[in-house]
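[1] Below is the sequence, then the predicted model.
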Amino acid sequence: GGGKRNGHEYQGDGQDGNKRQKSSSSSNMQYTDQQLQQIANLAHADHRMYSMPTRMAFPFDLLVRSLCPNIIGNDLVKAGICLCLLGGTSPEVSGIEARSGMTIRSNSHMLVVGDPGMGKSQMLLSANQVAARSVYVGGNTASSRGLTVSLTKEAGGDMGIEAGALVLADRGVCCLDELDKMPKTHQDGLLEAMEQQQVSIAKAGVVASLPSRCSVIAAANPKSGHYNMSKSVAENLSMNGPLLSRFDLVFILRDEADSDRDRMISGSIMGRVRKGDSQRGNNHQAKQLDGRMASA
């Protein structure tokens, strides 16, 4: 049979009718002039910001340069953040693997270790702002229950489950700053969530598993203040091996003396300061001109 439902034609019943209804609604999507202008500005942003050789490069380079542009350099770290933001495609499992509950995670986890003042927190904040669903957590104030799940007693005496940061960031990104400040007892709560993409709880008669299919982007400082190249990453962070093995990408940032790089960073900072001063000066002149015209 056929007919109309909510203004959309359909034929037959079941799944085919639902598919036709969804395709019809998606084809009738309308955009406002402001949305079209924003899409056009985004599509042609590289033409105004970069030179012709840069525009002809691979588009992934443009994504890397667009992420946290205030931080000069560290392109490999930004590329890793982009990969974590984009994620991957979860492979389909069948047969024995599907019956056994075996899953292969598609999200990548990333750890940035480096000396203080290298812009690690700024890059994490940029990833938090870019991602459609993200949660930013400080390791010095986070606990195991705050990252995973916790039990609460409701008014009627029943037990309720409150989701933590990893569960709230499901299908998104969880940015974990100051990982080295987190106690080791609380770090163990990350193991299951980062590998199995779920958080299990069995307490007070409550047995449940909540999904946590998110990418974890963490930043940490060495325990001695500066990274010691003669030691491993685990020794510099005093991190146990199981947790370190969960990270697919590990980047080491060192604050080394480099006159060219320091000159580039200082020039970028001074350029932003001059640009801000010139804009403030133009705004002040425009206000004075408006005042004169109003008085006249």
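    In hand now; what should we look at? Numbers count the residues shown, from 1 in each chain.
[2] So for whichever strand or helix holds Met123, what gets flagged as buried?
    Using DSSP states H and E, Met123 sits in helix 120-130. The neighbour-count check on helix 120-130 (16 or more other CB atoms under 10 Å) flags 120-121, 123-124, 126-128, 130 as buried. To be clear about C-beta, it is placed using only N, CA and C from the backbone, and glycine gets the same treatment.
[3] Report all helices and strands that that helix contacts.
    Where contact means 3 or more CB pairs under 8 Å, 6 or more residues apart in numbering; DSSP states H and E, helix 120-130 is packed against helix 75-86, strand 110-114, strand 134-138, strand 173-177, strand 215-220.
[4] Including mean neighbour count and mean pLDDT, could the ones you listed go into CSV?
    Listed next are these as CSV, based on neighbours: other CB atoms under 10 Å; pLDDT from 0 to 100:
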stretch, mean neighbour count, mean pLDDT
helix 75-86, 19, 89
strand 110-114, 24, 91
strand 134-138, 20, 91
strand 173-177, 26, 92
strand 215-220, 27, 92
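[5] quick one: Ser126 from Arg274, how far?
    Distance from Ser126 to Arg274, counting by CB to CB, to the nearest Å: 23 Å.
[6] Next, the contact list for Gly160, please.
    Gly160 sits next to 151-154 when contact means CB atoms under 8 Å, 6 or more residues apart in numbering.
[7] if we go to 6 Å?
    Gly160 makes contact with 152, 154 under the criterion CB atoms under 6 Å, 6 or more residues apart in numbering.
[8] Just the element for it, please.
    Using DSSP H and E, Gly160 maps to strand 159-163.
[9] Need the residues that contact the helix or strand just after that strand.
    Moving toward the C-terminus from strand 159-163, the first helix or strand encountered (DSSP H and E) is helix 165-168. In this structure, residues lying in contact with helix 165-168 by CB under 6 Å, 6+ apart are 135, 137, 147, 174, 193, 199, 210, 212.
[10] Could you do stretch 189-200 as well?
    Taking CB under 6 Å, 6+ apart as the rule, stretch 189-200 contacts 105, 109, 144, 147-149, 166-167, 209-213, 216, 242, 246.
[11] are any of these buried, and which?
    Buried, going by 16+ other CB under 10 Å: 105, 109, 144, 147-149, 166-167, 210, 212-213, 216, 246, out of the contacts of stretch 189-200.
[12] Dump those residues into JSON lines; add distance to Asp180 as well.
    Shown next, in JSON lines, are the buried ones among the contacts of stretch 189-200 (distance: CB to CB, whole Å):
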{"residue": "Arg105", "distance to Asp180": "24"}
{"residue": "His109", "distance to Asp180": "16"}
{"residue": "Ser144", "distance to Asp180": "16"}
{"residue": "Leu147", "distance to Asp180": "15"}
{"residue": "Thr148", "distance to Asp180": "20"}
{"residue": "Val149", "distance to Asp180": "24"}
{"residue": "Leu166", "distance to Asp180": "19"}
{"residue": "Val167", "distance to Asp180": "24"}
{"residue": "Leu210", "distance to Asp180": "27"}
{"residue": "Ser212", "distance to Asp180": "22"}
{"residue": "Arg213", "distance to Asp180": "26"}
{"residue": "Val216", "distance to Asp180": "15"}
{"residue": "Arg246", "distance to Asp180": "16"}
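[13] No further questions, thank you.
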